[in-house]
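Chemist: build me a structure from this.
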Amino acid sequence: MDRSTPESAGEKTPATLAGKDQLEFLPLAVDLDGTLVATDTLFESALALIRQKPWSILLFIVWLSRGKTVLKAEIAKRVTPHAESLPYRRDLVEYLRGERNKGRTIVLATAAHRTIAESVAASLGIFDVVLASTEAVNLKGTLKRDALVQLYGSRGFDYIGDSKSDKPVWAACRIGHVAGRMRRLPESILAAGTQQGEAFPAPIPSLKTCLREIRVYQWVKNLLVFVPALLNHYVDWEILKALVIAFLGFSFLASGTYVVNDIFDLEADRRHPRKSRRPLASGQISIALGIPMAAVLLTGAIVLGLTNLQLGACLSIYLVLTLLYSSYIKGKPIIDVVVLAMLYTLRVYAGGLVSRAYVTPWLFQFSIFLFLSLAFVKRYSELQRSRLQPLVEAHGRGYGVEDLSIVGQAGLGSGLIAGLVMALYVNGQDTVKVYPHAEMLWGVCPLFVYWIIRVWLIAHRGNMHEDPILFAFRDRVSYIVAFLIVVLVLLGLSPHV
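Modeler: Next up, the predicted model:
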């Protein structure tokens with residue numbers, strides 16, 4: 001396979017056109033970023049480098065000051081996206097494969113660095129020639145056009161591109177194909193004599209796709225902010241408004257961090273059987289859209305946090321813990337589930353602060369042990385699935401399949417301790433002051449113990465396929481248990497029972 005670069009392009013003899021057959025089989029050149037793949041490989045490489053070495057972002061300024069070619073080369077020396085996992089436009093790849101089978105020369109002509117281009121060419125195995133940027137040349141726009149014209153002559157090739165920077169190349173090719181957001185060639189290019197070719201459009205991200213990316217379904221976890229006010233048995237308009245603001249603050253903040261994590265975890269997510277379907281990993285949402293999405297969500301959380309200093313402090317702690325968890329702690333066994341439990345409990349504590357409802361030590365202790373148990377459920381379920389897909393689900397978590405037993409024991413034990421805390425609270429003197437018939441609450445304890453053991457039984461059988469809190473919101477038995485608990489609480493509050 002011939003791998004030409006801009007330096008070697010001059011060694012080629014331009015193709016001569018003689019006859020209709022040769023015209024039909026002119027070389028077909030295709031761009032990479034935004035065209036062949038639904039992403040920008042430079043962005044991905046830069047983000048991967050920042051994740052590995054955050055301080056390297058300072059070097060970007062130095063490299064860019066010396067030119068974009070230097071920036072691309074320096075980043076390429078340190079990190080290269082995994083070519084096999086890039087989000088290729090499958091319809092375009094199949095089209096190129098079909099044209100090559102007909103006998104056409106297929107050319108990868110990209111402004112991406114040569115290292116990335118060579119990796120993509122080796123992965124797909126359909127390119128006869130590779131033209132890419134080097135340490136000396138940024139092969140974009142007119143430079144790409146000149147390299148192709150030097151090889152094949154003016155109008156001696158067809159070209160597939162996706163952006164305005166491809167205009168010079170389209171103006172020099174015979175047939176111009178478009179991909180990505182474009183549906184047809186610019187009028188100025190058509191007027192210059194280039195023929196309109198095929199279109200390989202990318203779907204515009206729908207509202208549903210954007211909501212999937214920000215994980216709106218995860219917002220149910222933030223209903224925990226309402227718990228202290230409900231247990232305090234008093235909610236007025238001002239308290240409700242404060243709680244809604246807290247709910248939205250935690251929701252925006254969590255969604256913003258989800259998007260940020262997805263942007264930095266693109267390559268790892270693409271190798272994962274489930275996470276590869278996420279909008280950013282699959283290319284349904286571009287990095288260029290993901291960054292402003294995250295910025296809007298995080299800004300919204302900051303604005304909401306400014307309405308209440310206590311809420312703002314809780315949101316700040318949540319953000320710091322989330323960033324630490326994502327960047328470091330999630331790979332450390334035991335402490336990772338402790339931090340997850342703290343993040344859940346922080347929501348409860350924040351709800352108490354903004355609603356001015358006292359969070360008793362009982363509620364605090366119950367929350368810690370309950371959420372610790374549910375965090376262990378999540379890890380246990382990942383380990384169970386990893387038995388069928390080794391090192392996929394539990395990769396990077398700090399656990400192995402051999403840890404199933406200890407994880408299960410610690411998790412179920414934590415859940416039962418939460419039940420014990422509840423039992424001690426029901427039997428305490430403080431409970432009698434709040435509930436005229438506190439004895440009715442004794443029925444809550446076996447209901448809770450039944451529920452937590454059932455959750456663990458489902459996880460043990462390998463049927464817990466999601467976050468246990470999300471599971472509870474979708475599980476019919478959980479609703480029945482919750483209904484019975486509410487009935488018992490109301491009976492305990494009623495003076496006429």
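Chemist: rest of the way, CA atoms for contacts and neighbours
Modeler: Will do.
Chemist: got the contact list for residue 74?
Modeler: Each residue near residue 74 by Cα atoms under 8 Å, 6 or more residues apart in numbering is listed here: residue 63.
Chemist: if I look at it, how far off is residue 68?
Modeler: When distance is defined by Cα to Cα, to the nearest Å, residue 74 is 10 Å away from residue 68.
Chemist: report pLDDT for the closest residue to residue 214 other than its chain neighbours.
Modeler: Excluding its sequence neighbours, the residue lying closest to residue 214 (Cα to Cα, 6 or more residues apart in numbering) is residue 255, at 4.8 Å. We have a pLDDT of 97 for residue 255.
Chemist: how close does residue 255 get to residue 319?
Modeler: Distance from residue 255 to residue 319, by Cα to Cα: 11 Å.
Chemist: residue 122 too?
Modeler: From residue 122 over to residue 319 the distance is 41 Å, taken as Cα to Cα.
Chemist: who's more crowded, the two?
Modeler: residue 319 (19 against 14; other Cα atoms under 10 Å).
Chemist: all the helices of the stretch 301-450 of the chain, in order from the start?
Modeler: 309-327, 335-355, 361-386, 404-426, 429-434, 444-460 (DSSP state H, counting those that start in this stretch).
Chemist: closest to residue 35 out of the ones you listed?
Modeler: helix 309-327 (31.4 Å; Cα to Cα).
Chemist: and that closest one, what does it pack onto?
Modeler: helix 237-264, helix 287-305, helix 335-355 (3 or more Cα pairs under 8 Å, 6 or more residues apart in numbering; DSSP states H and E).
Chemist: can you check what angle separates it from helix 287-305?
Modeler: 150 degrees (axes from the mean of the first three to the mean of the last three Cα atoms, to 10 degrees).
Chemist: only alpha carbons, please: show helix 309-327 as PDB.
Modeler: Provided in PDB are the C-alpha atoms of helix 309-327 (Å, rounded to 0.1, in the frame of the first residue of the first chain):
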ATOM      1  CA  LEU A 309     -25.000  30.300  50.400                       C
ATOM      2  CA  GLN A 310     -25.600  27.000  52.100                       C
ATOM      3  CA  LEU A 311     -26.800  25.400  48.900                       C
ATOM      4  CA  GLY A 312     -23.900  26.900  47.100                       C
ATOM      5  CA  ALA A 313     -21.500  25.400  49.700                       C
ATOM      6  CA  CYS A 314     -23.100  22.000  49.300                       C
ATOM      7  CA  LEU A 315     -22.900  22.200  45.500                       C
ATOM      8  CA  SER A 316     -19.300  23.200  45.700                       C
ATOM      9  CA  ILE A 317     -18.500  20.200  47.900                       C
ATOM     10  CA  TYR A 318     -20.500  17.900  45.600                       C
ATOM     11  CA  LEU A 319     -18.500  19.200  42.600                       C
ATOM     12  CA  VAL A 320     -15.100  18.700  44.300                       C
ATOM     13  CA  LEU A 321     -16.000  15.200  45.400                       C
ATOM     14  CA  THR A 322     -17.400  14.300  42.000                       C
ATOM     15  CA  LEU A 323     -14.200  15.500  40.200                       C
ATOM     16  CA  LEU A 324     -12.000  13.700  42.700                       C
ATOM     17  CA  TYR A 325     -14.100  10.600  42.300                       C
ATOM     18  CA  SER A 326     -14.000  10.700  38.500                       C
ATOM     19  CA  SER A 327     -10.300  11.500  38.200                       C
END
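Chemist: just to revisit the earlier point, residues in contact with the residue nearest to residue 214?
Modeler: Taking Cα under 8 Å, 6+ apart, we find residue 255 in contact with 214, 215, 216, 294, 297.
Chemist: turn the residues you listed into JSON lines, columns for distance to residue 376, pLDDT and neighbour count.
Modeler: Putting these into JSON lines (distance: Cα to Cα, whole Å; pLDDT from 0 to 100; neighbours: other Cα atoms under 10 Å) gives the following:
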{"residue": "214", "distance to residue 376": "24", "pLDDT": "96", "neighbour count": "25"}
{"residue": "215", "distance to residue 376": "21", "pLDDT": "95", "neighbour count": "17"}
{"residue": "216", "distance to residue 376": "23", "pLDDT": "95", "neighbour count": "14"}
{"residue": "294", "distance to residue 376": "29", "pLDDT": "96", "neighbour count": "23"}
{"residue": "297", "distance to residue 376": "29", "pLDDT": "97", "neighbour count": "21"}
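Chemist: in CSV: the residues you listed, plus distance to residue 42.
Modeler: Converted to CSV, those look like this (distance: Cα to Cα, whole Å):
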residue, distance to residue 42
214, 24
215, 27
216, 30
294, 20
297, 25
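Chemist: pick out the most distant pair among those residues.
Modeler: Distance extremes for these: the farthest pair is 216 and 294 at 13.5 Å, using Cα to Cα.
Chemist: for the most centrally placed residue in the chain, which non-adjacent residue is closest in space?
Modeler: Against the mean C-alpha coordinate of the chain, by Cα atoms, centre = their mean, the closest residue is residue 262 at 2.5 Å. Spatially, and ignoring its direct neighbours in sequence, residue 262 is nearest to residue 280 (6.7 Å; Cα to Cα, 6+ apart).
Chemist: hang on, that neighbour packs against residue 264?
Modeler: No: between residue 280 and residue 264 there is no contact under Cα atoms under 8 Å: 10.2 Å.
Chemist: in terms of neighbours, single out the busier of the two.
Modeler: Taking neighbours as other Cα under 10 Å, residue 280 and residue 264 compare with residue 280 leading, 27 against 21.
Chemist: residues in contact with that one?
Modeler: Residue 280 touches 213, 262, 263, 266, 286, 287, 290, counting by Cα under 8 Å, 6+ apart.
Chemist: can I get those residues in JSON lines with distance to residue 170?
Modeler: Shown next, in JSON lines, are these (distance: Cα to Cα, whole Å):
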{"residue": "213", "distance to residue 170": "35"}
{"residue": "262", "distance to residue 170": "34"}
{"residue": "263", "distance to residue 170": "32"}
{"residue": "266", "distance to residue 170": "31"}
{"residue": "286", "distance to residue 170": "24"}
{"residue": "287", "distance to residue 170": "26"}
{"residue": "290", "distance to residue 170": "29"}
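Chemist: could you grab the helix/strand/coil label for residue 111?
Modeler: Here residue 111 is strand, with the state taken from DSSP: H, G, I helix; E, B strand; the rest coil.
Chemist: nearest spatial neighbour of it, skipping sequence neighbours?
Modeler: residue 139 (4.6 Å).
Chemist: would you mind measuring from that neighbour to residue 118?
Modeler: Counting by Cα to Cα, the gap from residue 139 to residue 118 is 14 Å.
Chemist: got it, and residue 421?
Modeler: Separation of residue 421 from residue 118 (Cα to Cα) stands at 61 Å.
Chemist: before we move on, what about residue 478?
Modeler: Distance, residue 478 to residue 118, by Cα to Cα: 54 Å.
Chemist: equivalent analysis for residue 329, please.
Modeler: Distance from residue 329 to residue 118, by Cα to Cα: 36 Å.
Chemist: which stretches of this protein aren't confidently modelled?
Modeler: 1-24, 388-397, 496-497 (pLDDT under 70).
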